[in-house]
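Engineer: sequence? don't have it. structure:
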């Protein structure tokens, strides 16, 4: 168990080996999380076209690809609730191992899909683990590392996701000339991490203490909607639902939008893959910088105000970027800025779990954050259908989606105040 003696460790050298191991486990889990979640977005159009046995410009490719992504986001949401519950019942380390093993195995199995609905099922099952990893990993860190480190930990953990996406970009670049299904074999690698986690990462002391002190039936999902916890649950649900719907609409459709740029659409499949990989790289590069700016801002003005400012910036930049057609040379700079505003989700990592009681922590954080993903699953499809995607107008879907960041920013004003410790 992690000692409480270093609960206020002012320097890195004051941290215990157990804390370092828990931090590394969570970071690596998030990195491979980012890898496995974005492998599909890199090859969605050509792989779905291959499974449908049609051309990449067939409108059915966009609609079927969106359904696959919607199934992924739905599985992500359900996995967050399911594994979040396991994290409260079985412990953070055990649940973390199960989430990583789940998404590694089913991402690898996507290689064997021969019909589009095979891919949909494998992506749904992989997403169960990816969704669960967020709540479990965030709770593990919040319970083992000092509170004063939380804003920077938020940035570092979210950077793990970004590094995972960059690894996906590297895989996409190296395998650009190969059949699209080969990229999913890269997703098997995280399974090796499970062996180390089960041996080296202990359960948090706070979880053990709460478990031993608990009397009566275990707390469950209905308790999130009972006083006093319901006053936390409702604003967090609204915030996550709106922001994640807009965010994932962007993350999915921006790839198709890049493919439809005039200077990109005339290229062959390998050339288009290079552009979409470059676009995702630019978003992630901006996001890494944004994570640390968000952490710094949270230290200065608190989590709530920092979330408000970042969501407002995301709204303005999305609307300004997609209000009119842009060429690649203009769009690439705005993709970096959009990525920077994604630092807001780093703040969610350390801000949301501690708002809930210990034995409802992964349940509450997992349910609220991942409920937003259920709505985002619908959003990916709905916003895509608002524009004639097959004719090159994904820009309209992205423009409409950007407006959801505004009410999300307003909803953040109702978050319980949880100032970042100085």
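Structural biologist: Looks like it came in fine. Model, not experiment: these values are computed from the prediction.
Engineer: how far is stretch 195-215 from where the chain is centred?
Structural biologist: Distance of stretch 195-215 from its chain centroid, counting by C-alpha atoms, centre = their mean, to the nearest Å, is 25 Å.
Engineer: What distance do you get for residue 347 to residue 23?
Structural biologist: To residue 23, residue 347 is 18 Å away according to C-beta to C-beta, to the nearest Å. The C-beta positions use only the backbone N, C-alpha and C, and glycine is treated the same way.
Engineer: Neighbour count: the two, which is higher?
Structural biologist: More neighbours surround residue 347 than the other of residue 347 and residue 23, with 27 against 21 (other C-beta atoms under 10 Å).
Engineer: show me where the stretch 251-400 of the chain has helices.
Structural biologist: Shown for the stretch 251-400 of the chain, the helices assigned by DSSP state H, counting those that start in this stretch span residues 262-265, 269-301, 303-322, 328-341, 344-351, 361-385, 394-402.
Engineer: quick one, which of the ones you listed is packed in tightest?
Structural biologist: helix 344-351 (a mean of 28; mean count of other C-beta atoms under 10 Å).
Engineer: from the chain's centre, how far out does it sit?
Structural biologist: Put simply, helix 344-351 sits 11 Å off its chain's centre (C-alpha atoms, centre = their mean).
Engineer: Give me the helices and strands touching that helix, please.
Structural biologist: helix 116-144, helix 150-174, helix 230-259, helix 269-301, helix 303-322 (3 or more C-beta pairs under 8 Å, 6 or more residues apart in numbering; DSSP states H and E).
Engineer: Mind putting the ones you listed into CSV with mean pLDDT and distance to residue 68?
Structural biologist: Below are the helices and strands packed on helix 344-351 laid out as CSV (pLDDT from 0 to 100; distance: least, C-beta to C-beta, whole Å):
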stretch, mean pLDDT, distance to residue 68
helix 116-144, 85, 5
helix 150-174, 84, 16
helix 230-259, 88, 10
helix 269-301, 90, 16
helix 303-322, 96, 23
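Engineer: In JSON lines: those, plus distance to residue 411.
Structural biologist: Below are the helices and strands packed on helix 344-351 laid out as JSON lines (distance: least, C-beta to C-beta, whole Å):
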{"stretch": "helix 116-144", "distance to residue 411": "20"}
{"stretch": "helix 150-174", "distance to residue 411": "19"}
{"stretch": "helix 230-259", "distance to residue 411": "4"}
{"stretch": "helix 269-301", "distance to residue 411": "18"}
{"stretch": "helix 303-322", "distance to residue 411": "9"}
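Engineer: closest to residue 366 out of these?
Structural biologist: helix 116-144 (3.2 Å; C-beta to C-beta).
Engineer: just to revisit the earlier point, of all the helices of the stretch 251-400 of the chain, which one comes closest to residue 224?
Structural biologist: Using C-beta to C-beta, the helices of the stretch 251-400 of the chain put helix 361-385 closest to residue 224, at 5.5 Å.
Engineer: Now the helix or strand harbouring residue 68: buried residues?
Structural biologist: According to DSSP states H and E, residue 68 maps onto helix 59-90. In terms of neighbour count (16 or more other C-beta atoms under 10 Å), helix 59-90 has its buried residues at 61-62, 64-90.
Engineer: next one: the helix or strand just after it to chain centre, how far?
Structural biologist: Using DSSP H and E, the helix or strand that directly follows helix 59-90 along the chain is helix 92-109. The chain centroid and the centroid of helix 92-109 are separated by 15 Å, computed with C-alpha atoms, centre = their mean.
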